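> Sequence and computational prediction follow.
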Amino acid sequence: MKKIILASTSPRRKELLTQIIPDYEICVSKCDEVSDKKIPSEMVMDIAAKKALPVLAIKDDNCVVIGADTVVVHKGKVLGKPIDKAEAADMLLRLSNDTHTVYTGVCLATKERVDMFFVSSKVIFHELTEDMIKSYVATGSPMDKAGAYGIQDSGFVKEIIGSYTNVMGLPVEEITEHLKKLTEEK
């Protein structure tokens, strides 16, 4: 069995990966998390590869490196992590009482093969008041999350059409399927 390496320090990704693989290593490359791709699904896969491939280059032959990237897309605009509290509040105000799509790109890389895919989920928000947004932003929680919210800690989500774990940042069901294929390879 190949050793699994997560190319991320995200607490949510670590929590989710631990649910399916209790024993893995973390190794993060210092990559520029930008892409010249304009299509959200291509963008997140590109950035996921930029996270995974440098780690693979420095590791032994018997490993699978997992890179992932998540964005929120609302009315054609990509919302990454907010740069400050004002941008976080603005993002949440835009998402209020509306539907957006969460894309997570995943790169599973071995010395023999690179497997990239994305998962998308639709998310419908409740209507948010200014006070709700202000209180949530004050917690600091939105600052390291695409779209300025965490599905697990905001209480803003009315409905999800798709994968809950994808919205958290790591589509566990799909990763399980892809990892099974990669780790069985000789």
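Yes, it's here. Numbers count the residues shown, from 1 in each chain.
> Look up how far Lys38 lies from Thr129.
Separation of Thr129 from Lys38 (CB to CB, to the nearest Å): 34 Å. To be clear about C-beta, it is placed using only N, CA and C from the backbone, and glycine gets the same treatment.
> Surely His126 touches Val157?
Yes. Contact criterion CB atoms under 8 Å: His126 and Val157 qualify, at 7.4 Å.
> how about the CA coordinates for the worst-scoring helix or strand of the chain on mean pLDDT, as PDB?
Of all helical and strand segments in the chain, the minimum by mean pLDDT, DSSP states H and E falls on helix 172-184, at a mean of 86. What follows is helix 172-184, C-alpha atoms only, in PDB (Å, rounded to 0.1, in the frame of the first residue of the first chain):
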ATOM      1  CA  VAL A 172     -14.400  12.300   0.600                       C
ATOM      2  CA  GLU A 173     -16.600   9.900  -1.400                       C
ATOM      3  CA  GLU A 174     -14.900  10.600  -4.700                       C
ATOM      4  CA  ILE A 175     -11.400  10.700  -3.100                       C
ATOM      5  CA  THR A 176     -12.000   7.300  -1.600                       C
ATOM      6  CA  GLU A 177     -12.900   5.800  -5.000                       C
ATOM      7  CA  HIS A 178      -9.900   7.400  -6.800                       C
ATOM      8  CA  LEU A 179      -7.500   6.500  -4.000                       C
ATOM      9  CA  LYS A 180      -8.600   2.900  -4.100                       C
ATOM     10  CA  LYS A 181      -7.600   2.700  -7.800                       C
ATOM     11  CA  LEU A 182      -4.200   4.400  -7.200                       C
ATOM     12  CA  THR A 183      -3.200   2.500  -4.100                       C
ATOM     13  CA  GLU A 184      -3.900  -0.800  -5.700                       C
END
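> Next, the buried residues of it.
For helix 172-184, burial by neighbour count (16 or more other CB atoms under 10 Å) applies to 172, 174-175, 178-179, 182-183.
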